[in-house]
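Participant: Next comes the sequence, and after it the predicted model I'd like to discuss.
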Amino acid sequence: MTKLIVLIVIILGVVAIAQLVRMYELSSKLRNRREEDIPNRDNRLNAILLLVFMFAFFASVIYLFSEYGFSGRGEAASVHGKATDWLLDLNLWIITAVFFLTNTLLFGFAFKYVRKPGVKAYWFPHDNRLELVWTVVPAVVLAIIIILGLKSWNEQTDHASKEAIRVELFSKQFDWTVRMAGDDNTLGFFDYKLTNDNNPLALLTTKTIQDAIDSMENSSTGIHALELKLNDPKLIFAPEDHALMVKDLGAKERIVRMLYQLKARHNSALDARAMDDIVFNASDTLYLCKDQQYEFNFRSKDVIHSAYFPHFRVQMNTVPGQTTRFKFTPSVTTMEMRDKMSNPKFNYVLMCNKICGSSHYKMKLMVVVLDKPAYKKWYASVSKFDPKAADQCKTFRNIYPVGKPKAAADLTATATPADSAIVTK
Amino acid sequence: MAAHEAHAHHDTHGHDHHEEGFISKYIFSQDHKMIGKQFLLTAVFMGVVAMLLSILFRIQLAWPGEPSDFLSFFLGETWAPGGVLKENMYLGLVTIHGTIMVFFLLTGGLSGTFSNLLIPLQIGARDMASGLLNMMSYWMFLISSLIMLFSLFIETGPASSGWTVYPPLSALPQAIEGSGLGMTLWLISMSIFIASSLLGSLNYIVTVLNLRTKGMKMTRMPLTIWAFFVTAVLGVLSFPVLLSAALLLMMDRLAGTSFYLSDIIIGSEMLENHGGSPLLFQHLFWFLGHPEVYIVLLPALGLTSEIISTNSRKPIFGYRAMIGSILAIGFLSFIVWGHHMFVTGMNPFLGSVFVFTTLLIAIPSAVKVFNYITTIWRGSNIYTPAMLFSVGLVSTFITGGVTGIILADSALDISVHDTYFVVAHFHIVMGMSAVFGMFAGVYHWFPKMYGRMLNTRLGYAHFWVTIVGAYGVFFPMHFVGLAGAPRRYYDYSVFGDFNTNSHEMIMDLNMIITVFAIIAAFGQLIFLFNFFYSIYRGPKAVQNPWRSNTLEWTTPVEHVHGNWPGAIPEVHRWPYDYSKPGAEEDFIPQIVPLRAGEEGDH
């Protein structure tokens, strides 16, 4: 019913406009006015409207600035962020000034120089001096902007200091996982082929390689099982399933061959780098220490994500097959920031800022910045093995099972053909 | 078809040609004027669709999770169960909105329409260099449009990895549903579109270089032609790179190659691809993507140069500087693509080079703005709807341009990259400036296209609703971005978890933005009504309604195959002799010979 009414209203509206246009045309005809002749009244009205629009526009721009400020994120919470915020403010002042100046000139002239009967336009095809002025002045201003910007960019993208704590942020659809470098402050190596439930970040040790080979060969969906199934004369598969299994088997055989190569090349002395790494569960809060520099290493398991810390003014894409880096030093603890924002519920956050799938908008990680004593206490609890609180210690040495890995997740299955197999006799 | 009845009479002019049938005249036409109109109508339709898509997802952003009759009416139970938009379809809408607006409305529509209509008319040619290629260019454009529209209706949904279709997301159907058939259709459609654009561009270049009439030196061409010419060159040099990017992506999807894929585990599947780089796609994409911005913008600037000069009754200020800035912008646009990739993991040193080249573009842009303003200064300005849209273009070009300075500065880009600040920036430049240029062009050259006048009062209403509505949509987005809101988020509930103040602010602004978007969309209905009504019933146009200098206004109102019934006119002067001292009229058409002792050109 409402839809019908809406439809009728729309149709009547169109008819009404059409009638108005007819009337307007008739009256123009009566007054012998052609459509392209703009009457002075209309012309002046539009000139005035342009000026009115300018004032209304300026007023709303000023209102928005005063209401929401130069940064709706609050003040920067990192050392370099304070510097870039200063630069951002400087740039915003410059462009806001240019915005007001040029728009005023534009709308002002448009208003002032509306056609007046008897006044001819001024013949003014060019003027080299003027053109030189508005080439050189922007060039000088831009030179300043470029120099300041590049200085800041170089500082931000410079290598992290030796003392910077190495942290890895591992992204996948749709969560983040933190790995800290541990006592040696070196992140262990990784290879994506080693991924399994016990080793979600695919750390590289002699043992993880062997486990990956075992799982690839001997698990319930491993190479041997697949071969057995395919060779079993009692099993008949639908052709599509059969093709899938053959494809799956081929992929696994190629991957396992690469794993053997990895094993042959591996130097077991490097295992230690990974063993003291602190590996958290997916979506476990990231804890940082105030005034401590961090070097973040970003990885992605599946598609491109982007690590965006709005409050620290940090952003870097995570790219599958490549490690990206960004360093920064948090300078305000969570508690201090809550006071500054007078918002007791405020928290730092890491968001995903590159479209990565349907739940992109939910992909986040909470971040807490502690002062030094609190951080030390927290760090000790996750890094030092204490038999009484073994589940708190997250070092790889502690969490990676020493014995046989529990049934490794099947990471290569493209389908589950076993279910659809028809057993004969 | 009342508008076209006049066509039947055109043989009275004695030009040698034969009566054409309906099909060869209206459908498979090789006449540049008809092809221009075909481009325009197709683009207007695509533009309406893309605008509707944007309203659909704006409703979700303003009132997330609230059932809406409007959504369920257009999307049905599949994509909006109970009137609430599905996450995947949200991304699909965003993707197709962007694709249609950038490529189909602003590339095909703007440059396709006006290059076709104006190049032969303004340089004094009987038609394009190749009518056949021109026709094929349109038909490929139409086919690619239809494929793109069709992809909205398939079961797994349209491409939904953003209009930039970054792999691996766009390469792996396991990562998002839309990367299945939807993405395949997107790639096919875009490949055909690129072919269409190339055929068109090559034709424009050849026509401008070879078919200028006697006396039409390069430095006597209207700025519109300069803009179309440089646009076509940019298209020819950059679109093939996008085609190669698309082909490689297709190979990764269908043939198991690893151009863009490396070390990926998707869902529970370990892929074997190794050694590819997603960054390669981004380099290839933006090598087109950035010139594309100027492919969109330059024609709009060209059109407004002409319109502002005509309606201020003054020569365009700094004609040679305007040409120089078009060339400079065109050249620089090829060496700035990396500014889209500051935070992708690209080498930071490379980043600093791109900062430098990108900020250089601000100089020719500033020259253009100041030249426009100086043209309006001490003019005798007549506010036709076309002139109002041109003034609007200059204003939005400033507003959208200055924020580019922040985004081009890599150190500052880090904190606003991929937020609504970027969305605000490029919508004010492309969604306002370029679209305003297109509207201005339609209002100004409508008499040339259809032999009738658009209604001026409706034009005024359209302009005022549009500029207020569109600024209302895009200006507040800067503040949403400065609050740290990423783009392409289905909703901003995540802000509620860490900063309730920001959340409230974003929600408030999102609501305001959507209300303005709906107002602006209604404003476009005024235009659509005016457009179609005037095609059939608008008052008949005179030959030179705007008292303009350029050659197209020396052709008869009724379209003639070959444009001029008699000989092609000869050109004696530049196109901007408005209000020249010593002349009786305030305009001197290009075909008028110089008086004894008169100083020619500029």
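Facilitator: That came through fine.

Participant: what sits against the nearest residue to residue A:256 once chain neighbours are set aside?
Facilitator: Spatial nearest neighbour of residue A:256, excluding adjacent residues (CB to CB, 6 or more residues apart in numbering or on different chains): residue A:216 at 4.6 Å. C-beta: built from backbone N, CA, C; applies to glycine. Contact analysis of residue A:216 by CB atoms under 8 Å, 6 or more residues apart in numbering or on different chains lists A:222, A:223, A:252, A:255, A:256, A:259, A:412.

Participant: how about TSV for these, with pLDDT, neighbour count and secondary structure added?
Facilitator: What follows is those, written out as TSV (pLDDT from 0 to 100; neighbours: other CB atoms under 10 Å in any protein chain shown; DSSP: H, G, I helix; E, B strand; the rest coil):
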residue	pLDDT	neighbour count	secondary structure
A:222	89	21	coil
A:223	92	18	helix
A:252	92	22	helix
A:255	93	20	helix
A:256	94	20	helix
A:259	94	21	helix
A:412	45	23	coil
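
Participant: which among those gets closest to chain B?
Facilitator: residue A:412 (5.2 Å; CB to the nearest CB).

Participant: just to revisit the earlier point, check what pLDDT the residue nearest to residue A:256 gets.
Facilitator: For residue A:216, the pLDDT comes out at 91.

Participant: ok so it is a helix residue?
Facilitator: Yes - counting by DSSP: H, G, I helix; E, B strand; the rest coil, residue A:216 is part of a helix.

Participant: where in chain A is pLDDT low?
Facilitator: A:1, A:402-425 (pLDDT under 70).

Participant: How about chain B?
Facilitator: B:1-20, B:601-602.

Participant: which helix is the longest one in it?
Facilitator: If you go by DSSP state H, chain B has its longest helix at helix B:500-537.

Participant: which residues of the chain fall in strands?
Facilitator: Just so you know, I chose chain A. Under the criterion DSSP state E, chain A contains strands at A:165-172, A:175-180, A:235-236, A:278-279, A:286-289, A:294-300, A:305-309, A:314-318, A:324-328, A:348-352, A:364-370, A:422-423.

Participant: should've been chain B
Facilitator: Assignment of strands within chain B using DSSP E yields the ranges B:265-266, B:269-270.

Participant: Please convert the strands of chain A to JSON lines, extending it with mean neighbour count and distance to residue A:29.
Facilitator: Formatted as JSON lines, the strands of chain A follow (neighbours: other CB atoms under 10 Å in any protein chain shown; distance: least, CB to CB, whole Å):
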{"stretch": "strand A:165-172", "mean neighbour count": "22", "distance to residue A:29": "68"}
{"stretch": "strand A:175-180", "mean neighbour count": "23", "distance to residue A:29": "70"}
{"stretch": "strand A:235-236", "mean neighbour count": "14", "distance to residue A:29": "86"}
{"stretch": "strand A:278-279", "mean neighbour count": "22", "distance to residue A:29": "83"}
{"stretch": "strand A:286-289", "mean neighbour count": "22", "distance to residue A:29": "74"}
{"stretch": "strand A:294-300", "mean neighbour count": "23", "distance to residue A:29": "68"}
{"stretch": "strand A:305-309", "mean neighbour count": "27", "distance to residue A:29": "61"}
{"stretch": "strand A:314-318", "mean neighbour count": "26", "distance to residue A:29": "62"}
{"stretch": "strand A:324-328", "mean neighbour count": "20", "distance to residue A:29": "69"}
{"stretch": "strand A:348-352", "mean neighbour count": "24", "distance to residue A:29": "62"}
{"stretch": "strand A:364-370", "mean neighbour count": "21", "distance to residue A:29": "65"}
{"stretch": "strand A:422-423", "mean neighbour count": "8", "distance to residue A:29": "84"}
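
Participant: Verify the contact between residue A:205 and residue A:276 for me.
Facilitator: No - the criterion here is CB atoms under 8 Å, and residue A:205 misses it with residue A:276 at 11.6 Å.

Participant: follow-up on the earlier one: gap between the longest helix of chain B and the chain center?
Facilitator: 19 Å (CA atoms, centre = their mean, to the nearest Å).

Participant: same deal with stretch A:198-212?
Facilitator: 28 Å.

Participant: quick one on the thing from earlier: turn the strands of chain A into TSV, columns for distance to residue B:325.
Facilitator: What follows is the strands of chain A, written out as TSV (distance: least, CB to CB, whole Å):
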stretch	distance to residue B:325
strand A:165-172	43
strand A:175-180	46
strand A:235-236	73
strand A:278-279	56
strand A:286-289	48
strand A:294-300	40
strand A:305-309	35
strand A:314-318	33
strand A:324-328	37
strand A:348-352	39
strand A:364-370	44
strand A:422-423	74
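
Participant: Nearest to residue B:191 among the ones you listed would be which one?
Facilitator: strand A:314-318 (26.8 Å; CB to CB).
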